[in-house]
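Participant: Here is a sequence together with a model predicted from it:
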Protein chains: 4
Amino acid sequence: MKSPHGKLGLWMIGAAGNVATTVAVGLSAIRQRLATTEGLVTERAPGSSLPLRPLNKIVLGGHEISSRSVMETAAQLADRSGLFGPTILKKSTGDLKRFEENIRPGKALRCGMAIEQLASRGSSRRAVTAERFIKLVIDDLRAFQHTHRLDRVVVINVASTEPVFATAGTPKTWAALQKKLAQKSSPLPSSSLYAIAAIQAGMPYVNFTPSLGADLPAIRELAATNGVPIMGSDGKTGETLLKTVLAPMFRERALQIDSWVGHNVLGNGDGLILNDAENKASKIGTKNNVVASIVGGAPDSRTSIEYVESLHDWKTAWDMVRFRGFLNTPMTLQFTWQGCDSILAAPLVIDLARLADYHAAHVGGGVMTHLASFFKSPMDVTEHAFPAQIAMLHDYVCRYAPQD
Amino acid sequence: MKSPHGKLGLWMIGAAGNVATTVAVGLSAIRQRLATTEGLVTERAPGSSLPLRPLNKIVLGGHEISSRSVMETAAQLADRSGLFGPTILKKSTGDLKRFEENIRPGKALRCGMAIEQLASRGSSRRAVTAERFIKLVIDDLRAFQHTHRLDRVVVINVASTEPVFATAGTPKTWAALQKKLAQKSSPLPSSSLYAIAAIQAGMPYVNFTPSLGADLPAIRELAATNGVPIMGSDGKTGETLLKTVLAPMFRERALQIDSWVGHNVLGNGDGLILNDAENKASKIGTKNNVVASIVGGAPDSRTSIEYVESLHDWKTAWDMVRFRGFLNTPMTLQFTWQGCDSILAAPLVIDLARLADYHAAHVGGGVMTHLASFFKSPMDVTEHAFPAQIAMLHDYVCRYAPQD
Amino acid sequence: MKSPHGKLGLWMIGAAGNVATTVAVGLSAIRQRLATTEGLVTERAPGSSLPLRPLNKIVLGGHEISSRSVMETAAQLADRSGLFGPTILKKSTGDLKRFEENIRPGKALRCGMAIEQLASRGSSRRAVTAERFIKLVIDDLRAFQHTHRLDRVVVINVASTEPVFATAGTPKTWAALQKKLAQKSSPLPSSSLYAIAAIQAGMPYVNFTPSLGADLPAIRELAATNGVPIMGSDGKTGETLLKTVLAPMFRERALQIDSWVGHNVLGNGDGLILNDAENKASKIGTKNNVVASIVGGAPDSRTSIEYVESLHDWKTAWDMVRFRGFLNTPMTLQFTWQGCDSILAAPLVIDLARLADYHAAHVGGGVMTHLASFFKSPMDVTEHAFPAQIAMLHDYVCRYAPQD
Amino acid sequence: MKSPHGKLGLWMIGAAGNVATTVAVGLSAIRQRLATTEGLVTERAPGSSLPLRPLNKIVLGGHEISSRSVMETAAQLADRSGLFGPTILKKSTGDLKRFEENIRPGKALRCGMAIEQLASRGSSRRAVTAERFIKLVIDDLRAFQHTHRLDRVVVINVASTEPVFATAGTPKTWAALQKKLAQKSSPLPSSSLYAIAAIQAGMPYVNFTPSLGADLPAIRELAATNGVPIMGSDGKTGETLLKTVLAPMFRERALQIDSWVGHNVLGNGDGLILNDAENKASKIGTKNNVVASIVGGAPDSRTSIEYVESLHDWKTAWDMVRFRGFLNTPMTLQFTWQGCDSILAAPLVIDLARLADYHAAHVGGGVMTHLASFFKSPMDVTEHAFPAQIAMLHDYVCRYAPQD
């Protein structure tokens, strides 16, 4: 079985943000052989055993609420964070402009003041109901697919983190929820409306952020009914990745974790949004649960985030683990992770688009639990240990890779 | 199937050293409920599914070359390294004395000057051939088994690291090697002679150090012929454990490791021996290979060891990993591990004794590859990734655990 | 000139707390030659040039609000934090009991709920005015001096940190403030009432905490009028000490600090109080200002504190400094400080008592600015750089040391 | 008093190396206002109180043994270590070319094989006596001064570290040493011959490396006789700077240092030379002595250096200090310094040139002890504590700054 010949659309919510821009620069640089494929999980075993969509068949588009362009974001990442050398920045300009032409104004509903203040792109979408907004998004998605003659479009949310959304009062069925969408005030945050739009358009939806997205019974029902694959949430790129790699070691060696303290310092736009207390809460939530879920018991797990502008897109995480071994002796492990958020996230977004595309083509709809290793809070998966999650991906490939 | 009723002998080479002493104090404290079982892999899943020998059925003995007693070592560990509180130290004195009664003078042959200078216990074994030494060791082992009416004895090497032994000229068959044992000068270092003695006595032999031990074709042949289980070498307790836990993460995320620098600082007797250049070489060797074997390619891996007396039994390892991700962007992970060597090693020695006992009783002889996760250089196993090694242990338990 | 023959009383507010208990255990151990004088600034140059009160002439007493005893605190510090070996703990029991006999019930007024909930010692002092409370404290202080025939008593506040106290409405003169003390509700927190009592009794007052203490115009006026030396506030023992040592280096090398992030993790009673947001605010305040005051400009300085019970009295501080050098190149310094709060603070409390005693005897009243190096927020001193503060102490000794 | 109007020549031994190249790029960027003056000590108090030579009056020249050009070095630093942005690199090309025209072939005599293998520039200087080599160097220096009409030339050694040179048999007087210079085989390494040449030409000589340079009684005698200022050796830029900043803190707080372990990892040409055991020895020597000299006693101080190519010009130093405080309690400080060697060294080279120029003009010859803060092994200065060394610079400025 060969890789598909047609084109795949990758539609990103938050299209002019750091992650989406890095996706665009990276794809452009790889196609021009200005960079190699480090960071792309699907370019190595086991993912590479699947006949996935070639990298040069991916067309980019997306929604964006702010008025900045991807070229501006790319220049800023190069200038402030030193991400792209001058050659790559210059030679990817053509591709970035083509991406920019595929960007449509988005809308921030119930996303918290920190995000809503950014909204400045376009103006026609100011006062709309959720139902009307979904309709407009579907129109954008279909126009994108039609214009570029795309075999399929995958929608991935890489927008800023929304505040925690209390779902207690939200209807449990799609029928009941659908009625509320016509209300004057939206019953859901934007991330969920985009998810509904994608699913209604028959397009896989992946949530790379801790926002609500498709993680509601009513929306899952819709995805199941429509046979559309969905997955999320919150890309596992740095500190939490390390937690889920290290915690199983303590468990397997019967070393009891007393406390795990993590402090994250970062200076990009995402950090600025997280500086806002209501948006920070959803992030901390997903970061704090994983250790206890892996090792059991009640380790004292504490995660904090500090916004420091001068760090730009570089995040430093310092973690200290106090654990007890034989004869209850306390010992310590500390680590410092100095990574670049966009550089870590962007290849995973491409991986997810290719894997969701493959799943839609060869397996069907529903929650893509085999992609758990990509997420801090994987939908329908209680296993947080990274090695076990990787084993799930291997099993999937074994099962669904073409037999020659 | 129930746990066996009889007693198991655990015979340690290096019986008055830090690790053996900690084994003795720990078993005593656990039996008296002064400590819980943290650090013991066999007290949790999956090992706990096997009907292993109960902890209170283990009788300790061993060989020792120096004249210090286990009570002296225990007091020193308590005083200098703060390992055992006053209550535990006091209440384990009776058990330590019983252990001390089972210690016989050992012998250092071809172990490097640093070790040979320690030899001061007993005097009758000064000038002997290898053949004669093996005979004496077998006598000691059989006397131990007989005196305490033990179902089985497992021999574990926890003595100081010998210098690298060049095996090029050593005979490949047991028949040829055996002839050389009668020579005036021993053709092998002590660790291998103890291994031969154990195997000839039909007792499982495990090498917890980087010394040569049973890792020679001729000795493996002997073990296979006699149906005796063997395994080694070099217990994986700290920095290397972390390397084999973290390196798979970089591989699975397609992050390319440019360099991995490790610096180890420690102050116990083992550190003093390692300060001697010839003994250090074997240790550095086993520490340096694992990263490349896991991630492939040729990462620049460098490990250094520094002896700092004031640290006593506490080892600090600082590691820095430089890796490259998407768009070839370099990023960094550093960790600092502050662990206590004896505390980390001792429970694994107990685990290995119980698992070797089980293997001898229920499976048979040969190399116990399912115990690879315990070693820096597992015999006959090329897989260094800790999660994969742990999977081997799970598979073993699935296969050999009794079906009710 | 010789050291004085008479006895010095050291009266500690928070007498059964970790710091005061460590002061008592330490003095006892040093007198019995069970410990050497590490950590005592006055036992080395330049302080040792002054004929200070000998360590064996110091008598301890204090106020305490909780019902726990110093023996309980000492046992807990030994057990949980591993501070005192069994020999020291046992042999200091007599001295600790004598100290306990000199402890009187204190009172928490306007100290925040976190502190007030601790109050359980005694009961007679529940409902009193500030004026009456000051009177009772003076009685306690005078009784202590009389009973033990002390040449002088120095009062040092080592109690838990009170919440930030808004001083805007507080009268600026002693005359005006004094009138308010008779009100039903205290116009000041306890730390200030103790300060007033000490000053009215003619006893030097030193505030080792970030609480308000004597740092009000009206109380300074009282100290000046009465000729009583005062100083504070907030002992500089760990992270802030390092900040004031390192920041001058960046300044002298013209390296511009962009950001300085500090994260403190601790698990003692002080940490528990600081976990309470209102009490934490005063601590963070004094920790954050020092860098900018030393290097100028507006470095982005952020300090956070996290309470982790399993760390007990051990504090770990992780700091990351991002700075720019030649050609505006960004570089990084990180440090991890693993210190024991009480062990670091206790000898400085003894130093301060001896130096305040000397000042009262040989120089007079007022703010002891030469002791700036001991404090995070030194009264009347804008210089935060540690080397410059140490120079102030040297100058003082040069000026006031006896000329033979 | 105004800054001098004439021009100053800065002649660097190792002219196409990383430090000299960074000096050239930095001066060019600052003159064009593409960078600010971070890292330049003489641009801030107290140095800025002296009427030093303006930065735009400095003309660069030097000796170099390898055939690479400064443009090549600059491009490599930009490409591999990310030091200069594309704008700065492009706009400084003209200045770099002018510098390149002033570079003459150097010569490596007794510098160790690692250095001598680099020698490829020019060929006429292969087989010469020390006397002849000195003559050729003086000719080069005078031609430089004459061509550019320079008021003064300062010679600074920034070449690779030579092996430790055993000075035991070297004549103690200039008269005796001079005779040996005519021998066929040089009695001294190149660094010392350059020093003699500079001094004989009446030009200040500063040794920024740990090589021997002017640090011989006979050469000091020559400098004193000729009234030429000299200073060295080994620029204090990173780990050692921190040691001399932190060690005084431990001393002033009576905290006893048990051990200080430092591990340095770097990947530039200097690291490669240091990877050669004989050259590494001189570096380790100067790095190890400072702690004991500051705190007294015999702390266990250990420094190691590891060459890791992928780090290029970025050096990471990890240091761990174990110290004991009150009640002899052990505590720990660790730091990680991530700095760029050339970026840290280059501005100090410029500072030293300006300060040596000032000293020659206004004070006279001899050892410039007031510059001790710039060096790991300051000539004629036993004080290693950085704050005390900075006080020496302040005193100098107070004494020699012009009084208006």
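Facilitator: Perfect, I can see it now. Source: prediction; values computed, not measured.
Participant: Model confidence for A:His312, exactly?
Facilitator: Note for A:His312: predicted pLDDT of 85.
Participant: A:Ser81 now?
Facilitator: For A:Ser81, the pLDDT comes out at 78.
Participant: okay, now it: neighbour count?
Facilitator: A count of neighbours around A:Ser81, defined by other C-beta atoms under 10 Å in any protein chain shown, yields 20. For every residue, glycine as well, the C-beta is placed using N, CA and C.
Participant: next one: A:Leu222
Facilitator: Other residues close to A:Leu222 by other C-beta under 10 Å number 22.
Participant: From C:Gly94, how far off is A:Phe99?
Facilitator: With distances taken as C-beta to C-beta, to the nearest Å, A:Phe99 is found 79 Å from C:Gly94.
Participant: who has more neighbours, the two?
Facilitator: More neighbours surround A:Phe99 than the other of A:Phe99 and C:Gly94, with 28 against 11 (other C-beta under 10 Å).
Participant: Does the more buried one belong to a helix, a strand or coil?
Facilitator: Here A:Phe99 is helix, with the state taken from DSSP: H, G, I helix; E, B strand; the rest coil.
Participant: do the same with A:Ala29
Facilitator: Counting by three-state DSSP, the backbone at A:Ala29 sits in helix.
Participant: Looking at chain A, which residue is nearest chain D?
Facilitator: A:Pro86 (4.2 Å; C-beta to the nearest C-beta).
Participant: which residues does that residue contact?
Facilitator: A:Pro86 is in contact with A:Ala78, D:Pro86, counting by C-beta atoms under 8 Å, 6 or more residues apart in numbering or on different chains.
Participant: May I have the phi/psi pair for it?
Facilitator: phi -60, psi -30 (degrees, to the nearest 10).
Participant: Distance-wise, check it relative to D:Ala45.
Facilitator: A:Pro86 is 37 Å from D:Ala45, where distance means C-beta to C-beta.
Participant: Next: A:Asn207.
Facilitator: Counting by C-beta to C-beta, the gap from A:Asn207 to D:Ala45 is 55 Å.
Participant: of those two, who's got more company?
Facilitator: For A:Asn207 and D:Ala45, the more surrounded residue by other C-beta under 10 Å is A:Asn207, and the numbers stand at 30 against 12.
Participant: what's the pLDDT at the residue of chain A closest to chain D?
Facilitator: Predicted confidence (pLDDT) for A:Pro86: 78.
Participant: Return the residues of chain A in contact with chain D.
Facilitator: Where chain A comes near chain D, counting by C-beta under 8 Å from any C-beta of the partner chain, the residues are A:Gly82, A:Pro86, A:Thr336.
Participant: Show me which of those is closest to A:Val154.
Facilitator: Proximity of the residues of chain A next to chain D to A:Val154 (C-beta to C-beta) peaks at A:Gly82, which lies at 30.2 Å.
Participant: wait, doesn't that closest one sit right on D:Gly82?
Facilitator: Yes: when contacts are counted by C-beta atoms under 8 Å, A:Gly82 is listed as touching D:Gly82 (6.0 Å).
Participant: pLDDT score for the nearest residue to A:Arg253 once chain neighbours are set aside?
Facilitator: When the adjacent residues along the chain are set aside, A:Arg253 lies closest to B:Val41, with 6.3 Å between them (C-beta to C-beta, 6 or more residues apart in numbering or on different chains). pLDDT for B:Val41: 97.
Participant: Stretch A:325-334 and chain B, are they touching?
Facilitator: Yes: for a cut-off given as C-beta under 8 Å from any C-beta, stretch A:325-334 has contacts with chain B, namely A:Gly325, A:Phe326, A:Leu327, A:Asn328, A:Thr329, A:Met331, A:Thr332, A:Leu333, A:Gln334.
Participant: Which positions within stretch A:46-65 qualify as buried?
Facilitator: Using 16 or more other C-beta atoms under 10 Å in any protein chain shown as the test for burial, stretch A:46-65 gives A:46-48, A:50, A:52-53, A:55, A:57-65.
Participant: picking up where we left off before, now render the residues of stretch A:325-334 next to chain B as JSON lines, adding secondary structure, neighbour count and distance to chain C.
Facilitator: JSON lines is the format used below for those (DSSP: H, G, I helix; E, B strand; the rest coil; neighbours: other C-beta atoms under 10 Å in any protein chain shown; distance: C-beta to the nearest C-beta, whole Å):
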{"residue": "A:Gly325", "secondary structure": "coil", "neighbour count": "25", "distance to chain C": "14"}
{"residue": "A:Phe326", "secondary structure": "helix", "neighbour count": "29", "distance to chain C": "17"}
{"residue": "A:Leu327", "secondary structure": "helix", "neighbour count": "24", "distance to chain C": "13"}
{"residue": "A:Asn328", "secondary structure": "helix", "neighbour count": "17", "distance to chain C": "12"}
{"residue": "A:Thr329", "secondary structure": "coil", "neighbour count": "22", "distance to chain C": "11"}
{"residue": "A:Met331", "secondary structure": "strand", "neighbour count": "20", "distance to chain C": "12"}
{"residue": "A:Thr332", "secondary structure": "strand", "neighbour count": "20", "distance to chain C": "8"}
{"residue": "A:Leu333", "secondary structure": "strand", "neighbour count": "23", "distance to chain C": "12"}
{"residue": "A:Gln334", "secondary structure": "strand", "neighbour count": "21", "distance to chain C": "6"}
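Participant: out of these, what pair is the most spread apart?
Facilitator: When the residues of stretch A:325-334 next to chain B are compared pair by pair using C-beta to C-beta, the two farthest from each other are A:Leu327 and A:Gln334, 22.3 Å apart.
Participant: How about stretch A:381-392, which residues are buried there?
Facilitator: A:Val381, A:Glu383, A:His384, A:Ala385, A:Phe386, A:Pro387, A:Ala388, A:Gln389, A:Ile390, A:Ala391, A:Met392.
Participant: tell me the domain boundaries of chain A?
Facilitator: The record's domain split for chain A, according to automatic domain parsing, is A:7-235+A:343-400, A:239-340.
Participant: okay, how far is it across the longest one, tip to tip?
Facilitator: Across domain A:7-235+A:343-400, the terminal residues are separated by 21 Å (C-alpha to C-alpha, to the nearest Å).
Participant: Now find how far off-centre that domain is within its chain.
Facilitator: 6 Å (C-alpha atoms, centre = their mean, to the nearest Å).
Participant: Show me the helices in the stretch 201-350 of chain A, by range?
Facilitator: A:217-226, A:239-252, A:269-275, A:277-288, A:290-295, A:341-362 (DSSP state H, counting those that start in this stretch).
Participant: Show me what counts as buried in the shortest one.
Facilitator: When you say that, I think you mean helix A:290-295. A:Val290, A:Val291, A:Ala292, A:Ile294, A:Val295.
Participant: now the stretch 1-150 of chain A, which segments are flagged as low pLDDT?
Facilitator: For the stretch 1-150 of chain A, applying pLDDT under 70 flags the ranges A:1, A:111, A:113-115, A:117, A:122-127.
Participant: Name the residue of it that lies nearest to chain B.
Facilitator: For the stretch 1-150 of chain A, C-beta to the nearest C-beta, closest residue to chain B: A:Gly39, 3.5 Å.
Participant: roughly how far apart are that residue and C:Arg104?
Facilitator: From A:Gly39 to C:Arg104 the distance is 66 Å (C-beta to C-beta).
Participant: Looking at the two, which one has more neighbours?
Facilitator: A:Gly39 (27 against 20).
Participant: in which helix or strand would I find the more buried one?
Facilitator: Secondary structure assignment for A:Gly39, by DSSP states H and E: no helix or strand.
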